[in-house]
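> Here's a sequence, model it:
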Amino acid sequence: MSLTGRERYRPNTQDLSWTEEQARENVGSGERLASGMVGGALLVGGLLRPRWPGMALVTLGSVLLHRGMTGHCVVYEAMGANTNAIGRRKVPTNQAVKVDERIRIARPAEEMYRFWRNLTNLPRILPHLESVEPITGKLSHWVARTDNGPRVEWDAEIINEIDGELIGWRSLAGSDIQHAGSVHFTRLPDGRTTELRVVLQYHPPAGLAGVAFVKALGQDPARLIADDLRRFKDEMEKQGAQRV
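Numbering: from 1, shown residues only. Here you go, the predicted structure:
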């Protein structure tokens with residue numbers, strides 16, 4: 001299980017949508033480096049040239065330097081192109097399956113957040129998961145079970161986290177399953193109830209791993225997640241009633 005390259009992932013303070021994150025950085029690391037080097041050279045060369053030729057070089061150099069520093073290219077954005085394969089952008093949004101489910105639970109948001117943040121609890125919420133084993137504070141190894149066929153495994157990293165409000169994760173580069181998700185904990189006005197929102201997006205590949213993953217989630221993944229959340233709600237509210 002290789003985790004090489006995990007230092008490339010940058011935690012976010014917001015839960016950006018797939019389109020927003022893709023638009024923010026749509027240039028691959030190699031192109032960014034080349035753009036920065038060429039842009040810097042053109043900028044310096046332009047400052048040493050006569051007025052009009054120099055201004056043209058300075059303008060072009062500034063554009064390339066900005067492209068390299070920010071990882072954003074307006075031309076790529078207009079074309080819908082993206083050469084940055086890091087993180088959630090490797091899930092093709094127009095082909096991926098997306099699940100977005102909400103439920104209200106009569107338990108405080110802080111308790112719900114702590115339960116979910118302990119990743120080993122996730123198989124209790126999502127029965128199709130066999131296990132989630134923490135590797136570090138941000139990295140974990142996931143195993144999904146199927147009725148028949150191979151187990152499906154992948155490594156994931158927490159990328160978005162706001163204490164008591166949000167946990168977001170995604171599969172690492174090189175995983176068999178291109179997957180990402182987030183869970184949101186919204187404290188309702190009574191202070192004792194939480195609106196729980198779960199967003200999942202995945203793009204299983206062809207082959208045995210992809211077939212097994214689809215079987216694990218069933219023909220209707222949204223309904224499966226909704227059923228899981230209802231069971232979770234019943235369990236959490238029952239535990240809360242026993243404490244009173």
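
> got the contact list for the longest helix along the chain?
Criterion DSSP state H: the longest helix present in the chain is helix 221-243. With C-beta atoms under 8 Å, 6 or more residues apart in numbering as the test, helix 221-243 has contacts from 97, 99-101, 103-107, 111-112, 115, 124-128, 196, 198, 200, 217-218. All C-beta atoms are positioned from the backbone trio N, CA, C, and that covers glycine.

> which residues touch the residue nearest to residue 145 when sequence neighbours are not counted?
Once flanking residues are discounted, residue 145 sits nearest to residue 130: 4.3 Å by C-beta to C-beta, 6 or more residues apart in numbering. Taking C-beta under 8 Å, 6+ apart, we find residue 130 in contact with 123, 143, 144, 145, 151.

> Setting aside sequence neighbours, what's the nearest residue to the last one?
In this case it means residue 151. residue 143 (5.6 Å).

> Drop anything exposed from the contacts of residue 130.
123, 144, 145 (16 or more other C-beta atoms under 10 Å).

> between the residues you listed, which is closest to residue 56?
residue 144 (55.6 Å; C-beta to C-beta).

> any idea how far that closest one lies from residue 161?
Per C-beta to C-beta, to the nearest Å, residue 144 is found 23 Å from residue 161.

> Specify the angle between the helix or strand containing the residue nearest to residue 145 and helix 221-243 in degrees.
Following DSSP states H and E, one finds residue 130 within strand 129-134. Following axes from the mean of the first three to the mean of the last three C-alpha atoms, to 10 degrees, one obtains 70 degrees for the angle between strand 129-134 and helix 221-243.

> Confidence-wise, which helix or strand of this structure is lowest on average?
Within the chain, confidence by mean pLDDT, DSSP states H and E is lowest for helix 18-24 among all helices and strands, at a mean of 47.

> okay, the longest helix of the chain in PDB with CA atoms only?
Taking Å, rounded to 0.1, in the frame of the first residue of the first chain, the C-alpha atoms of helix 221-243 are listed here in PDB:
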ATOM      1  CA  PRO A 221     -26.900   3.800  -4.000                       C
ATOM      2  CA  ALA A 222     -29.000   6.800  -2.900                       C
ATOM      3  CA  ARG A 223     -31.600   4.500  -1.400                       C
ATOM      4  CA  LEU A 224     -29.000   2.400   0.300                       C
ATOM      5  CA  ILE A 225     -27.400   5.400   1.900                       C
ATOM      6  CA  ALA A 226     -30.800   6.800   3.000                       C
ATOM      7  CA  ASP A 227     -31.600   3.400   4.600                       C
ATOM      8  CA  ASP A 228     -28.200   3.400   6.400                       C
ATOM      9  CA  LEU A 229     -28.800   6.900   7.700                       C
ATOM     10  CA  ARG A 230     -32.300   6.000   9.000                       C
ATOM     11  CA  ARG A 231     -30.700   3.100  10.900                       C
ATOM     12  CA  PHE A 232     -28.000   5.400  12.200                       C
ATOM     13  CA  LYS A 233     -30.700   7.900  13.400                       C
ATOM     14  CA  ASP A 234     -32.600   5.200  15.200                       C
ATOM     15  CA  GLU A 235     -29.400   4.000  17.000                       C
ATOM     16  CA  MET A 236     -28.200   7.500  18.000                       C
ATOM     17  CA  GLU A 237     -31.600   8.600  19.200                       C
ATOM     18  CA  LYS A 238     -32.100   5.400  21.200                       C
ATOM     19  CA  GLN A 239     -28.700   5.900  22.900                       C
ATOM     20  CA  GLY A 240     -29.700   9.500  23.700                       C
ATOM     21  CA  ALA A 241     -33.000   8.400  25.200                       C
ATOM     22  CA  GLN A 242     -31.200   5.900  27.400                       C
ATOM     23  CA  ARG A 243     -28.900   8.600  28.900                       C
END
